[in-house]
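> Let's see this in three dimensions:
(one chain, ligands or ions: 2)
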Amino acid sequence: MSDVLISPSILSADFAALGQAVADVDAAGADMIHIDVMDGHYVPNITIGPDVVKALRPHSAKPFDVHLMIAPADPFLDAFIDAGADFLSIHPDAGPHPHRSLQAIRSRGAKPGLVLNPGTPANVVAPMIDLVDMILVMSVNPGFGGQSFIESQLSKIECLRKMIDQTGRNIVLEVDGGVNPQTAQRCISAGATALVAGSAVFKGAGTLSDNIQALRGPCAR
Ligand code: DX5
Ligand code: ZN
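Ligands and ions are numbered 1, 2, ... in the order given. Model prediction:
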């Protein structure tokens, strides 16, 4: 049985009806709502800001899993927390002081996360692992939905699983990018406890509920 958390990325939803998309994936069984924030600077795409997160907040009571792909992130942390972010994740290379950023997120009562790009090694997390509630492994280069899963990230997930187990803390190990029913099972086997999926949920073959359930795997509850 898999208890993996599914966090649909609304990057693949209809941007003209985002509130409805959030409500729909909530009703379809999502455990969290993944919100991709891009600035056209840290990544080559622009998406949404804190006002949109705030507008979406009433559409679901599930945790908002906000993934910041912005540099610098520090000037906007408070705005995203005030807007309703539960998990707030930063890329450690998006500013000079990721340790301080994580402290700031925690001090405001949100759950800090660190995001590792495909080219970023697992051990970047080591000096900050006590400060995080989530580690997010990018299995594509960030910026766009619909890309192919990068296989080399599976060994990084295994490595991070061991690092997390050594802490004895309940840190969410999430994977983002190219997650579909096939790659999902490999991520879970490698030790992931949460999966982000945009295309596979919003553009999959079945209903939203079918698509979410397919990611949990054939033996899921
Ligand atoms: C990419 C984003 C992902 C993206 C995943 O930069 O962080 O969350 O939406 O999309 P899929 O599931 O289509 O790969
Ligand atoms: Zn993301």
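
> residue in this structure nearest to ligand 2?
residue 67 (3.8 Å; Cβ to the ion). Any C-beta I mention is one placed from the backbone N, CA and C, and that applies to glycine too.

> Would you mind pulling the contact partners of the helix or strand where that residue lies?
If you go by DSSP states H and E, residue 67 is part of strand 64-69. Applying Cβ atoms under 8 Å, 6 or more residues apart in numbering, the external contacts of strand 64-69 come out as 7, 32-39, 42-43, 53, 56-57, 76, 80, 84-91, 94, 113, 115, 134, 136, 142-143, 174, 176, 194, 196.

> These: which ones sit near ligand 1?
34, 36, 142-143, 176, 196 (Cβ under 6 Å from any ligand atom).

> Can you check what pLDDT the model gives the residue of the chain most remote from its centre?
Distance from the C-alpha centroid of the chain, by Cα atoms, centre = their mean, peaks at residue 219 (23.5 Å). pLDDT recorded at residue 219 is 76.

> following the host helix or strand of residue 103, which helix or strand comes up?
Using DSSP H and E, residue 103 falls within helix 98-107. Counting by DSSP H and E, the next helix or strand C-terminal to helix 98-107 is strand 111-116.

> Quick one: list the elements packing against that following strand.
Secondary-structure packing of strand 111-116 (3 or more Cβ pairs under 8 Å, 6 or more residues apart in numbering; DSSP states H and E): strand 64-69, strand 87-90, helix 98-107, strand 134-138, strand 172-176.

> What residues of stretch 84-97 count as buried?
Within stretch 84-97, the residues that count as buried by 16 or more other Cβ atoms under 10 Å are 84-92, 94-95.

> if we can go back for a sec, what's next to the helix holding residue 103, contact-wise?
73-74, 77, 81, 88, 90, 92, 95, 111-112, 114, 127-128, 131-132.
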